[in-house]
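Asker: Task: produce atomic coordinates for the following.
(3 chains)
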Amino acid sequence: MIEMFFQILTADLLIATLGMATPLIFGSISGMFSELTGVINLGIEGMMLMGAFGAGIVSLATGNPWLGVLFGMFLGGCMGVIHSVMCIKFRANQSVVGVGINIMAAGIPAVMLQYYWGNPGRTPQVASIKNISIPLLEKIPLVGRIFADINPLTILALVLVLCAHWLVYHTPFGLRMRAVGHHPKAVDTAGINVFAIRYISVITSGVLAGLGGAYLSVAQLSMFVNDMTAGRGFIALAAMIFGKRTPLGCFGAALLFGFSDALQMTLQAIGVPIASDFLLMVPYVLTMVALAGFVGKTVDPAANGKPYVKS
Amino acid sequence: MGNAILRLEHIVKRFPGVLANDHVSLEVQEGEILALLGENGAGKTTLMNVLYGLYSMDEGDIYYKGDRVTISCPKDAIKLGIGMVHQHFMLIDHLTVAENFILGCEPTDKGLLNLKKAKKIVQQCSQDYGLRIEPDSLVADISVGEQQRLEILKSLHRGAQILILDEPTAVLTPQKVEELYRVLRDLKAKGHSIIIITHKLKEIKEISDRVAVMRSGKIVGVHNTASVSTEQLAELMVGRPVVLEVKKENQEVGKNILSISNLHAKDYRNLPALRGLNLRVDSGEIVGIAGIDGNGQSELLQVLSGFTVRDEGEISIGEHKLPKKFAQREMFNHGVGHIPEDRMKMGIISNFTIAENLLLGFEHDSRYTGRLIMKKEAIHDRAIKLIEEFDIKTPSPATEGGKLSGGNQQKVILAREISKNPDLLIAAQPTRGLDVGAIEFVYQQLLAQRRAGKGILLISFELDEIFALSDRILVLYGGEIIAEFSQAEATIKEVGLCMGGVRRNSHE
Amino acid sequence: MNSKQHIPLSLKIRSSLIALAKKMLDPVVAIFLALLVGSVIITFTGDDVVLAISSLVLGAFGNLRSLGQSFLAATPILFTGLAFAVAYRSGIFNIGAEGQFLVGAIAGAYVGTLFSHLPAFIYIPIVLASGGIVGALWAFLPAILKIKLGVHEVINVIMLNKIALYLTNWLVSVDGPFRQGSVQPATPFVCEVVRLQPILPKSPMNVGYFIGIVVAYLMYLIMWKTSSGYQMRAVGYNMHAAKFSGINAESSIVKAFMISGALAGIGGAMEICSVFGRFYAGFSPGYGFEGIAVSLLGNNHPAGIIISSLLFGALKTGAMRMQILAGTNVNLVKVLQALIIFFVAGKWSITELYARYKEKKRLSDRGSVANSQKGENQ
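Answerer: Predicted coordinates:
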């Protein structure tokens, strides 16, 4: 009896972990793209929120959640354009620009919601992407249960990790990205356009963050709720740092933070006698401890935060 | 000897306040090694940066194989067949040799980076030119010599016919230098043209076919290397110095103020930069260190200011022996003033007012601050006094430091350091960027300090300045003091030769 | 330089006014452009622009009541703005004012219930001070992590923001120790004397904002008139030069961080005294982040922050009326804040553009500069 209980517990926990980790995977890889080329992106939170919003309203309007996802990615990309132009062309303080994006993203959906639905809090229910089950993978012992009830966007996230890894380490563009983040002048003298690489990376970062946000409104939940990102963008950033700005590292860190989130929810559900507020704190405390413990081993891209100036 | 493959005509390049290249015309023959000789600030690196497309020229023309060309970015230069190996390597430390090698011309296989092919290319190239490099090592782990070989191969792989090397032997041991010579001669035999920027006279004689000498942004002479002596080159390089008439009294030296023995330290690349440096400064004398940039001056200053921890050696300020690791504050506590060589980075805070800049180091002094609040009047009066005393041209003490001219900024730093009444004054490039009037003023101040019995360590790239001021002249080369002259016995020729590494005399 | 020249007072006043006007030109243009873009958004959403803008203005200043509310709204962001400014000028990016505000608020709410017979002029400073102390402590942790372990402060303060949120929520939750029998998730009300009383008829305005002005002045004194502040600013402007001249950069950073946290904490405690009288779950709707916009617009200087906080407070108050009358959502203010941040961060400064234009003209008129002195290489 107890064994079955624990079996269900662990299976549900795994599923929940993946679910909570999905937006973090998108978010941390989004951050990674930007920071690999040396542009700090604190605006992931805002980009995700805009993505969630875009996905929600288009899904509502068209009834097709996948179109919503595309639009969410588009809006995220727009925020990426703003961020890249401010940071690269105008050489503004990158952290400040990121904060600006977050504030802007907090405001726009509420204004729009008020206008369209008279309620600034949330949209009505929207068509969402339901979980599916993958027949073959289901059969895998132990972890197979995950694939019995998994969201397609989560699958997309897993694929993204692999694609990102492939892109960063096995394509010329990935090589140039990594070079730009450490020594833009060296890349410039090799005849490569440093600015173009940074623009592409930051805009991609926006698109991916938008995708992560879309998951929140059309997969995890079936509506857009104001401020629904609830700090996930920042946890994604922490996951990126913890994962040393590599795709697989981001994935692992995102899983870890997703796990702490899922654990907190599960413990609440079971009725563990710890106040829920303390359980909610767990992911954040974990992040701080992780960063404190791993510092010195992480290497910031040497050119991080510094606008590139051609003399 | 072939035809001129490259012709630069009347190149002009201006920077704010400086004419770096003043109608420079230069020809490079096919299959020759041309040395570009000059002191710091002569304009040689600027000229090559223009050629490589890193700077855009204001006026002038470039002809490549007879055709007029425009080079507005490195890509253009690379396309034409011009390659450049910079003094500070353009390599990405955390990538491998192969990855650095292919950056910008990556071999792909259906869009994927073909690292296997890259490795083969590297090995092939290495073999073809006889330059040994390992494709799989991380750049951070390989020796400087190998890094240089990588840089050279990079350029050759991209089809460089003309190869520019900026101070290539600065980072090499004598054995490695021989290896490099061999490589360059091979390339020359294959028909490449090589331009070497250098200040080392011996090497010019050993490797180059022709040598062009630059001074103050102009070409002052182009000769066949065989028909010119190192003495003549030294004279061309430093010119007939305009020694400012400086009246110096004979003075007895007093007690020892600074004593450095067997100083070993590394540079920012973790390479040995100071290799057993010895020197001493006594009270009442000015000790000038002559030398071309890159021979350890910066590292010596970093150690003396506490920013770099030395590996070995003793440093004493008067009676006090300095520990290996010491805070900047300690130098001031022991009576040391320091005029930094990079005034924008270390000496002046641009957003601070002049009064605030003058106060740096004094913010806890009871003359200028009470228990809680700083004494505005006292600070203002001090600023006024120093501004007058040091003739700092500014509308008011509340002007921001960044708005002053370079000369006046230097005066602010000078005023501040001298007001510390230090026993030892370290002056690094004290007249960099100053006009003649300001230079004279600085000289008077340094001499006044000398008269007052202070010891001054002067580090400067301006040879005439060293000659005008120093009681003793030391020459820094390769991280060591290789020569010492008294003011009476020093000649420009002799010192110039030592600066070029040709001569050394025993000192102490 | 003529140190002994007597400059007539009228001339001095005139030149400082001109300098002030120049400094204010950019922020004013920023606001104007932001309002312009905001109007475009309003038009796009179909609302009546004129009605929206006019109700915005009237809602901010129309009568004594609105005026009072504007001041009340300005007060917390005055403090968080000062908090950001102190840190920013010292080279730190403290976006943790949110968390520091919360812990300061709950500390103030708690201390405000402890004593019963203290007079207001003693008790109120005690409450504010307790908020400041707790806020400073909350900032101490990321400061130490930064200097000892080199961890960048941004992530840590954001985590602490969330931790503060949940911690304070717990403290007023059903089992929380601070709730003390209250029906709602809140602390009990503080003693009546702690609560600031209205000073104008028919208006909620109290002395809170003016205490804030005093605190702003204190911040000015600390940053510009003490040697610690001198050192903090030196480190913030140019760490290398500061260290070169013997300043201990690490201790400056910790000091600055703690002062920043204290200011945010006092702001939280002030909100207790000034408006709510008790702490409840959901206390801060983002005051910490708004403080960033306030500070940037105010050029990170207490004088500017005093004005910009009032401006933003008025904006928010007016926005509520705008929502009622014209139907435009109050969160438009957030969009305006963001636009202002972009404007200031991008340095789209009219005065700078003009100065650069003049400099270009001067250089090209000069022609070739022959220089006898060997200048800097490269």
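Asker: so which strand or helix has the residue nearest the centre of chain C?
Answerer: Residue closest to the mean C-alpha point of chain C, counted by CA atoms, centre = their mean, is C:Gly81 at 0.8 Å. C:Gly81 is part of helix C:64-89 when elements are defined by DSSP states H and E.
Asker: what angle do the helix or strand following that helix and helix C:64-89 make?
Answerer: The element immediately downstream of helix C:64-89 (helix or strand, assigned by DSSP H and E) is helix C:97-111. Relative orientation of helix C:97-111 versus helix C:64-89 (axes from the mean of the first three to the mean of the last three CA atoms, to 10 degrees): 120 degrees.
Asker: A:Gly80 and A:Ile203 touch, don't they?
Answerer: Yes: using CB atoms under 8 Å, A:Gly80 makes contact with A:Ile203 at a distance of 4.1 Å. Where you see a C-beta, it was placed from the backbone N, CA and C, and this is true even at glycine.
Asker: tell me the secondary structure for the residue in the stretch 151-300 of chain A positioned nearest to chain C?
Answerer: Nearest to chain C, among the residues of the stretch 151-300 of chain A, is A:Asp277, at 3.5 Å (CB to the nearest CB). Recorded secondary structure, A:Asp277: helix (DSSP: H, G, I helix; E, B strand; the rest coil).
Asker: okay, now it: neighbour count?
Answerer: Counted with other CB atoms under 10 Å in any protein chain shown, the neighbours of A:Asp277 add up to 20.
Asker: quick one: it from A:Gly271, how far?
Answerer: As for A:Asp277, its distance to A:Gly271 is 15 Å (criterion: CB to CB, to the nearest Å).
Asker: again with C:Leu145
Answerer: Counting by CB to CB, the gap from C:Leu145 to A:Gly271 is 35 Å.
Asker: So between those two, which is more surrounded?
Answerer: Under the criterion of other CB under 10 Å, the comparison of C:Leu145 against A:Gly271 puts C:Leu145 first, with 20 against 6.
Asker: any idea of the pLDDT on the residue of the stretch 151-300 of chain A closest to chain C?
Answerer: A:Asp277 is assigned 83 on the pLDDT scale.
Asker: for it, what are its contacts?
Answerer: C:166-167, C:169-170, C:173 (CB atoms under 8 Å, 6 or more residues apart in numbering or on different chains).
Asker: Sitting in helices, which of those do you find?
Answerer: The helices, defined by DSSP state H, take in C:166-167, C:169-170 from the contacts of A:Asp277.
Asker: distance between stretch C:53-66 and the chain's centre?
Answerer: With CA atoms, centre = their mean, to the nearest Å as the basis, stretch C:53-66 stands 23 Å off its chain's centre.
Asker: Can you mark which positions in the helix or strand of chain B with the lowest mean pLDDT are buried?
Answerer: Least confident element among the helices and strands of chain B, by mean pLDDT, DSSP states H and E: helix B:230-238 (a mean of 79). The neighbour-count check on helix B:230-238 (16 or more other CB atoms under 10 Å in any protein chain shown) flags B:230, B:233-238 as buried.
Asker: go on, stretch B:374-391?
Answerer: Residues B:374-375, B:378-379, B:381-384, B:386-387, B:390 are the ones in stretch B:374-391 that count as buried (16+ other CB under 10 Å).
Asker: Tell me the gap between stretch B:221-228 and the middle of its chain.
Answerer: Worked out by CA atoms, centre = their mean, stretch B:221-228 lies 25 Å from the chain centre.
Asker: Can you get me the start-to-end distance on that stretch?
Answerer: The straight-line separation of the ends of stretch B:221-228 (CA to CA, to the nearest Å) is 11 Å.
Asker: wouldn't the residue nearest to the centre of chain C be in contact with C:Ser295 here?
Answerer: Yes: with contact defined as CB under 8 Å, C:Gly81 counts as touching C:Ser295 (4.3 Å).
Asker: Now list whatever residues contact both of those two.
Answerer: Here C:Gly81 and C:Ser295 share the contacting residues C:305, C:308, scored by CB under 8 Å, 6+ apart.
Asker: circling back to that earlier point, and the residue lying closest to the residue of the stretch 151-300 of chain A closest to chain C once chain neighbours are set aside, what does it touch?
Answerer: Spatial nearest neighbour of A:Asp277, chain neighbours left out: C:Trp170 (3.5 Å); criterion: CB to CB, 6 or more residues apart in numbering or on different chains. Shown in contact with C:Trp170 (CB under 8 Å, 6+ apart): A:275, A:277-278, C:176.
Asker: Could you pull out the helices in chain A for me?
Answerer: A:2-36, A:44-62, A:65-84, A:94-117, A:135-138, A:152-170, A:172-182, A:184-189, A:194-215, A:232-242, A:247-270, A:276-294.
Asker: by contact count, what packs against the first one?
Answerer: Under the contact definition 3 or more CB pairs under 8 Å, 6 or more residues apart in numbering or on different chains; DSSP states H and E, helix A:2-36 sits against helix A:44-62, helix A:152-170, helix A:172-182, helix A:194-215, helix A:232-242, helix A:247-270.
Asker: got it, and the second one?
Answerer: Judged by 3+ CB pairs under 8 Å, 6+ apart, helix A:44-62 is in contact with helix A:2-36, helix A:65-84, helix A:94-117, helix A:194-215, helix A:232-242.
Asker: do the shortest one and chain C meet?
Answerer: Yes: under the criterion of CB under 8 Å from any CB of the partner chain, chain C is reached by helix A:232-242 at A:234, A:237-238, A:241.
Asker: in the longest helix along chain C, what's buried?
Answerer: When chain C is parsed with DSSP H, its longest helix is helix C:9-44. Residues C:26-27, C:30-31, C:33-35, C:38, C:41-42 are the ones in helix C:9-44 that count as buried (16+ other CB under 10 Å).
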